[in-house]
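Engineer: Turn this into a model:
(one chain, ligands or ions: 1)
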Amino acid sequence: MAKVIAVNGSPRYQGNTYVMLNIILEKLKKYGHQVELINIANKKINGCVACYKCADRKNKKCAIENDMINECIEKLTQSDAIILGSPTYFADVTSDMKAFIDRCGFVCRANGDLLKRKLGAAVVSVRRGGAIHTFDTLNHFFTIAQMIVVGSCYWNIGIGRAPGDVVNDSEGIATMETLAENINWLLDKISN
Ligand SMILES: Cc1cc2nc3c(=O)[nH]c(=O)nc-3n(C[C@H](O)[C@H](O)[C@H](O)COP(=O)(O)O)c2cc1C
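Structural biologist: Numbering: from 1, shown residues only. Below is the predicted model of the structure:
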């Protein structure tokens, strides 16, 4: 049994990003994995302040201690697979997801690539345009961290505007189902 963490960067707790992440997690749960969804939006996450204390101290912690980032870093380091989900905001991730990427990414990197060889997958919701750029931003987090990126039968995007609209995007939903199958397949392979 592997541990899978999904991070939702949408300020809508039950919006389209949540729907897609939930489809993946539910399927992975059925395969027998331990799953957890973390909502980071609306939690007042600071951006990185470039203090470089994480690089000096090398204690696997961010020096900003008054938000949830250190708790997130601990959960990420204990997981086997990490799924980052974000809506498309002006053709990129939400500001909360960007703060998460900068802070978690820098601390993990400063401490010898703490997420090395874990699996990573990006999930993006979008109304119309900019999803691929958002997808790329999320994948940059995985690929500089020496993580293994898992793909699906299309880029991992789902289309919708109002919360829940994405259920009408049958190709998007099928993409999430296939992504879950591929994550499970790889988790099984690397557990041996
Ligand atoms: C501030 C803001 C910026 C947005 N920018 C874009 C955009 O660049 N392209 C697009 O297609 N949709 C854009 N949208 C729409 C969202 O990406 C879309 O509604 C998405 O499904 C929301 O996902 P969620 O329900 O998980 O929050 C934007 C929405 C907001 C609130």
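Engineer: Mind checking the pLDDT average for the lengthiest helix in the chain?
Structural biologist: When the chain is scanned for its longest helix (criterion: DSSP state H), the result is helix 170-190. On average, the pLDDT along helix 170-190 is 97.
Engineer: And stretch 92-103, by the same measure?
Structural biologist: Here the average pLDDT along stretch 92-103 is 98.
Engineer: Pull out the buried residues from it.
Structural biologist: Neighbour counts over stretch 92-103 (16 or more other CB atoms under 10 Å) mark Asp92, Val93, Thr94, Asp96, Met97, Lys98, Ala99, Phe100, Ile101, Asp102, Arg103 as buried. Heads up, the C-betas are built off the backbone N, CA and C, glycines and all.
Engineer: How about stretch 68-75?
Structural biologist: Neighbour counts over stretch 68-75 (16+ other CB under 10 Å) mark Ile69, Asn70, Cys72, Ile73, Lys75 as buried.
Engineer: And for stretch 41-56?
Structural biologist: Buried residues in stretch 41-56, defined by neighbour count with 16+ other CB under 10 Å: Ala41, Ile45, Cys48, Lys53, Cys54.
Engineer: Now secondary structure too, for those residues, in CSV please.
Structural biologist: Listed next are these as CSV, based on DSSP: H, G, I helix; E, B strand; the rest coil:
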residue, secondary structure
Ala41, coil
Ile45, coil
Cys48, coil
Lys53, helix
Cys54, helix
